[in-house]
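Q: Please find the sequence and the predicted model below.
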Amino acid sequence: MNRLHKLTLAILAASFACLAQAADAPKTMRGADIPAGDPAPEVKAYAGKKPGLQQPIARTYKEQPPVIPHAVDNFDEITLEENQCLTCHGPEKYKEKKAPKIGESHFIDREGKQHAEVTHLRHNCVQCHVPQVDAPPLVENTFVGNIAASKDAKAKKK
């Protein structure tokens, strides 16, 4: 057989092998067929509706950013020019609005220099702070946090 015939036969054999393999049911990496993807969880309602009407939600560890105890649906998008959160939580208005003041860390830049205004590193509030929703945990969780542990230690000392 000449070289061209051998090459043609090799290509046909490989094609038939691929077709035969494709005829088998596809296998998943999990080893089981999955008829449909997991559906997205339903949208949960915010625990709070109007700002100022909810109790602050307790933190579970010291460094945890506080969660937002009110809905943020009607708030404007945070841009480089505007941040509607600061109209209540900024240093000029927080007392008048009876809202928690943003943390001092929000006024410190990368070099550790204190500023009079919020630095752009911390300007986008929802980057760390999330609205609280009334939803069960997605997975089983036994996390306690260091705030609960320090409270327990203080109680044992007494």
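A: Nice, I can see it.
Q: what helix or strand is Ser15 on?
A: helix 3-23 (DSSP states H and E).
Q: Where in this protein is the helix or strand with the lowest mean pLDDT?
A: The weakest-scoring helix or strand in the chain, judged by mean pLDDT, DSSP states H and E, is helix 146-157 (a mean of 61).
Q: Now the residue nearest the centre of the chain: closest residue in space, sequence neighbours ignored.
A: Against the mean C-alpha coordinate of the chain, by C-alpha atoms, centre = their mean, the closest residue is Val130 at 7.8 Å. Excluding the flanking residues, the one nearest Val130 by C-beta to C-beta, 6 or more residues apart in numbering is Val67, at 5.7 Å. C-betas here are computed from N, CA, C, even on glycine.
Q: Roughly how far does the residue nearest to the centre of the chain sit from Gln64?
A: According to C-beta to C-beta, to the nearest Å, Val130 stands 11 Å off from Gln64.
Q: what do you get for Gly37?
A: 32 Å.
Q: ok, back up a step: give the buried residues for whatever helix or strand comes next after the helix holding Ser15.
A: Next helix or strand after helix 3-23 toward the C-terminus (DSSP H and E): helix 86-89. Going by neighbour count (16 or more other C-beta atoms under 10 Å), the buried part of helix 86-89 is 86, 88-89.
Q: more neighbours, Gly37 and Gln64?
A: Comparing Gly37 with Gln64 by other C-beta atoms under 10 Å, the one with more neighbours is Gln64, at 13 against 6.
Q: who touches the more buried one in this structure?
A: By C-beta atoms under 8 Å, 6 or more residues apart in numbering, the residues touching Gln64 are Gly145.
Q: Mind pulling up the pLDDT for it?
A: Residue-level confidence at Gln64 comes out at 88, pLDDT.
Q: Then Ala17?
A: So Ala17 comes in at 72 (pLDDT).
Q: What are the buried residues along stretch 43-50?
A: Buried, per 16+ other C-beta under 10 Å, within stretch 43-50: 46-48.
Q: end-to-end on that stretch?
A: 19 Å (C-alpha to C-alpha, to the nearest Å).
Q: And stretch 57-64, by the same measure?
A: OK, stretch 57-64 end separation, C-alpha to C-alpha: 11 Å.
Q: Now do it: distance to the chain's middle.
A: Offset of stretch 57-64 from its chain centre (C-alpha atoms, centre = their mean, to the nearest Å): 16 Å.
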